[in-house]
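Asker: Sequence first, then the predicted structure:
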Amino acid sequence: MQHQHTRTIDGSAAGRARFSTCLGIGLSLALLACSSGGSPGTDNQDTDGGITDVDMAGMPGGGGDMSTSGGNPEGNPLLNGITAAHNAARAAVMPAPSTPLPALTWSPTVAAAAQTWANRCMFQHSSNGYGENIYADAGQGDARAVVDNWVSEKANYNYAANTCSKVCGHYTQVVWRSSLRLGCAAKQCTTGSPFGSFNGGKWTFWVCDYDPPGNFGGQRPY
């Protein structure tokens, strides 16, 4: 079962930004959604969901962006490998560009924004100005599996025509050339579950934000 809807908004005075939101029900009771293109998200609710005390956005000290060399930059075991998984997908794009895509660097600033939204335990997009992919599972999940799910949409994307046969916006955001910084978060929630009462209402909300955002209408990702 798949659902998706797309709408456009003005991302500049010329109204050039295209804003896409995708929603699908995947395997293993996993839900996913994506938005990008200048101003992701549409909802501004102020109430928090019922959540545990476990915050899982890796935000290493120092405040600057961090590369993936020398180990995992995320600073949290649950998120370890999520940057590397993104960069593996960027290195494997087909057709291969003449100039390889730059690797994403982990940004504690972007991760903090992702955590702020994940803490609300509402399976919808933020309006924080970053590109954004979100995902939910009814267990604790695995960071690499989350990215693999988004990247699996590669099969739905036709580069030559720059079209999607099914949902592919998560994949195109992952490999968007001009997106350079990544920050992700995961939150174990006890209310607001998109799975209803399954697993006693417990679920994990994953958010990855991208700076600058991608998925602009009429543009290829690279």
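Answerer: Sure, I can see it.
Asker: From now on I want contacts and neighbour counts done on CA atoms only, so please keep to that.
Answerer: Will do.
Asker: and Trp106, bridged to which residues?
Answerer: Met66, Leu182 (DSSP bridges).
Asker: Surely it is in contact with Arg181?
Answerer: Yes - with contact defined as Cα atoms under 8 Å, Trp106 reaches Arg181; the gap is 5.9 Å.
Asker: okay, the two: which has more neighbours?
Answerer: Legend: neighbour count by other Cα atoms under 10 Å for Trp106 and Arg181, higher for Trp106 (28 against 23).
Asker: how close does Ala136 sit to Lys166?
Answerer: 19 Å (Cα to Cα, to the nearest Å).
Asker: let me redo that: His125
Answerer: For His125, the distance to Lys166 equals 20 Å [Cα to Cα].
Asker: quick one, helices of the chain?
Answerer: Per DSSP state H, the chain has helices spanning 82-91, 108-118, 143-151, 169-174. These are given in chain order.
Asker: Could you list the buried residues of the first one?
Answerer: Along helix 82-91, these residues count as buried under the neighbour rule (16 or more other Cα atoms under 10 Å): Ile82, Thr83, Ala84, Ala85, His86, Asn87, Ala89, Arg90, Ala91.
Asker: would you list these in JSON lines and tack on distance to Asn215?
Answerer: Shown next, in JSON lines, are the buried residues of helix 82-91 (distance: Cα to Cα, whole Å):
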{"residue": "Ile82", "distance to Asn215": "20"}
{"residue": "Thr83", "distance to Asn215": "19"}
{"residue": "Ala84", "distance to Asn215": "21"}
{"residue": "Ala85", "distance to Asn215": "19"}
{"residue": "His86", "distance to Asn215": "16"}
{"residue": "Asn87", "distance to Asn215": "18"}
{"residue": "Ala89", "distance to Asn215": "16"}
{"residue": "Arg90", "distance to Asn215": "15"}
{"residue": "Ala91", "distance to Asn215": "18"}
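Asker: And those, which is closest to Phe216?
Answerer: Distance ranking of those against Phe216, using Cα to Cα, places Arg90 first at 17.7 Å.
Asker: Perfect, that will be all.
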